[in-house]
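S.K.: sharing a sequence plus its predicted fold:
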Amino acid sequence: MANDERFQRCLTEVLRHEGGYVDHPSDPGGATNMGITRKTLARWRKISPWTDLPKSSVASLKRDEAALIYRANYWNPSRAGDMPAGVDLALFDFAVNSGPDRAVRTLQAALGVAADGEVGPVTLAALRAADLARLLNDFCDRRLAFLKGLSTFVVFGRGWTRRVADIRAAALADLKTSSSTQRRVIMTMLSGYRTYIVAAFMIVAGLAQVLGVELPTLDGGSAGSLILEALAIIFLRKGLKGDAA
């Protein structure tokens with residue numbers, strides 16, 4: 001359920017910026033709660049025309065329903081769940097503000113692949129090869145440049161600039177945490193199998209001697225003794241693990 005955990009983590013960050021119920025006269029979205037506009041909520045509840053949905057319904061919107069809307073309208077269409085930690089947050093937040101298509105195209109432009117708005121094998125392959133920290137900074141720079149070109153930047157520019165800065169910092173922190181966790185997992189796995197690796201090398205060395213190939217680093221031990229010692233190490237480790245359990 002790692003994907004769901006990432007979604008909830010990213011949603012919490014998005015909602016922290018979206019805030020609660022507002023009805024700003026300069027906001028084209030009108031009445032909004034947790035970033036969900038009156039029109040979006042009406043469409044989600046299949047109410048037409050959307051003006052039939054009272055503003056009170058927007059004001060009483062609960063997080064659980066908002067989460068369903070965010071997942072269906074922004075997280076899934078942008079395929080944020082397929083992104084590395086950090087990139088998922090930056091992409092998701094941009095999709096919420098400016099639409100999944102624009103967010104994905106901006107990410108693709110930063111990756112240097114065709115900006116068609118569809119996350120496919122080419123985009124995912126470019127992500128795997130990318131320097132993610134550099135990508136995140138470039139992506140956030142592009143997002144801010146887009147926002148500065150909007151006519152409403154005069155009204156909302158300060159808040160948008162602060163939001164992009166916060167998302168950039170949170171995304172980079174998530175990336176760093178994820179990288180550290182992956183390194184710890186790898187080192188733990190290697191540590192757990194170190195004994196077996198040494199034993200396997202001893203067996204290979206013993207077999208090599210049987211075939212007449214001398215390995216200088218293990219010179220002095222007969223082929224039979226190397227193999228027997230390796231097997232003893234393996235069985236001893238298994239016995240210790242069993243006793244510990």
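M.R.: Nice, thanks for sending it over.

S.K.: please make it C-alpha for all contacts and neighbour counts, starting now.
M.R.: Will do.

S.K.: ok, now which ones touch the residue nearest the centre of the chain?
M.R.: Nearest residue to the geometric centre of the chain (C-alpha atoms, centre = their mean): residue 85, 2.2 Å. By C-alpha atoms under 8 Å, 6 or more residues apart in numbering, residue 85 lies in contact with 6, 171, 174, 175, 178.

S.K.: what backbone torsions are found at the fourth one?
M.R.: Spelled out, that is residue 175. With angles defined as degrees, to the nearest 10, residue 175 sits at phi -60, psi -40.

S.K.: excluding its backbone neighbours, what's nearest it?
M.R.: Leaving out its chain neighbours, the residue that sits closest to residue 175 by C-alpha to C-alpha, 6 or more residues apart in numbering is residue 86, at 4.9 Å.

S.K.: check contacts around the one you found.
M.R.: 136, 170, 171, 172, 173, 174, 175.

S.K.: ok, of these, which come out buried?
M.R.: Among those, those that count as buried by neighbour count (16 or more other C-alpha atoms under 10 Å) are 136, 170, 171, 172, 174, 175.

S.K.: list the buried residues in stretch 84-98.
M.R.: For stretch 84-98, by 16+ other C-alpha under 10 Å, it's 84-97.

S.K.: ok, stretch 43-53 next?
M.R.: The neighbour-count check on stretch 43-53 (16+ other C-alpha under 10 Å) flags 50, 53 as buried.

S.K.: contacts for it, please.
M.R.: Applying C-alpha under 8 Å, 6+ apart, the contact partners of stretch 43-53 are 38, 39, 42, 69.

S.K.: span of it from start to end?
M.R.: 10 Å (C-alpha to C-alpha, to the nearest Å).

S.K.: do the same with stretch 111-130
M.R.: End-to-end distance (C-alpha to C-alpha), stretch 111-130: 7 Å.

S.K.: list the buried residues for that stretch?
M.R.: 111, 115, 117, 118, 119, 123, 124, 127.

S.K.: what backbone torsions are found at residue 79?
M.R.: Taking degrees, to the nearest 10 as the convention, residue 79 sits at phi 60, psi 40.

S.K.: nope, residue 54 is what I was after
M.R.: Here is the backbone geometry of residue 54 (degrees, to the nearest 10): phi -70, psi 150.

S.K.: what about it, how many residues nearby?
M.R.: Other residues lying near residue 54 total 12 when counted by other C-alpha atoms under 10 Å.

S.K.: quick one: pLDDT of it?
M.R.: Looking at residue 54, its pLDDT is 95.

S.K.: roughly how far does it sit from residue 25?
M.R.: Taking C-alpha to C-alpha, one finds residue 54 at 17 Å from residue 25.

S.K.: repeat that for residue 130.
M.R.: Counting by C-alpha to C-alpha - residue 130 and residue 25 are separated by 42 Å.

S.K.: in this protein, where is pLDDT below threshold?
M.R.: 1-2, 26-29, 179-245 (pLDDT under 70).

S.K.: for it, which segments are assigned as strands?
M.R.: 32-33, 36-37 (DSSP state E).

S.K.: list of residues touching the last one?
M.R.: Strand 36-37 is contacted from outside by 29, 30, 31, 58, 66, using C-alpha under 8 Å, 6+ apart.

S.K.: could you identify the buried members of these?
M.R.: Of those, these count as buried by 16+ other C-alpha under 10 Å: 30, 31, 58, 66.

S.K.: isn't the first one right up against residue 38?
M.R.: Yes. Checked against C-alpha atoms under 8 Å, the pair residue 30 and residue 38 is within contact range at 6.9 Å.
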